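*Asks:* From the sequence below, what's the structure:
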Amino acid sequence: QVQLAESGGGLVQAGGSLRLSCAASGNTFTMSNMAWFRQAPGKERNFVGYVMWSGGTTYYDDSVKGRFTVSRDNAKNMVYLLMSNLRPEDTAVYYCATYRSGSIWSTSSYRSWGQGTQVTVSS
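*Replies:* You can find the predicted model right below:
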């Protein structure tokens with residue numbers, strides 16, 4: 001089973017950028033579709049973006065489309081989330097996850113999760 005560890009979170013001003021990283025261990029990573037989710041305090045964990053195992057196909061929530069980019073480097077066992085033009089409403093803990101089956105928008109469709117990394121956007 002793939003184990004995941006996110007990093008790169010922090011405090012940034014509105015309009016700024018951050019790149020989150022997700023390091024994966026396990027020999028099935030390169031065949032795993034991956035996603036990023038986020039969870040704000042007191043709210044549900046919500047889908048952010050998704051990348052297929054080849055890296056060639058991505059999907060995004062409408063709230064981040066055009067601002068966030070999901071990518072991966074299978075040679076390094078890494079998945080990235082580049083976040084630009086950040087807004088205060090992007091403040092949340094961000095998680096990466098390995099896809100299992102079902103709707104890519106649902107947390108129940110994912111097999112493994114990292115511990116999360118906090119992103120705080122100040123206005």
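*Asks:* Just the pLDDT for G56.
*Replies:* Confidence at G56, expressed as pLDDT, is 86.
*Asks:* Can you get me a residue count around it?
*Replies:* 7 (other Cβ atoms under 10 Å). For glycine as for every other residue, the C-beta is placed from the backbone atoms N, C-alpha and C.
*Asks:* do the same with K76
*Replies:* Residues near K76, counting by other Cβ under 10 Å: 12.
*Asks:* State the distance from the spatially most central residue of the chain to V12.
*Replies:* Nearest to the geometric centre of the chain sits W36, at 2.3 Å (Cα atoms, centre = their mean). From W36 across to V12, the span is 17 Å (Cβ to Cβ, to the nearest Å).
*Asks:* With Y95 instead?
*Replies:* 18 Å.
*Asks:* More neighbours: those two, which one.
*Replies:* Y95 (23 against 17).
*Asks:* ok, that one - contacts?
*Replies:* 6, 36-39, 45, 113-116 (Cβ atoms under 8 Å, 6 or more residues apart in numbering).
*Asks:* With respect to T69, which of these is nearest?
*Replies:* Using Cβ to Cβ, W36 is the member of the contacts of Y95 that sits closest to T69, with 10.5 Å.
*Asks:* just checking, the closest one is part of a strand?
*Replies:* Yes: assessed with DSSP: H, G, I helix; E, B strand; the rest coil, W36 lies in a strand.
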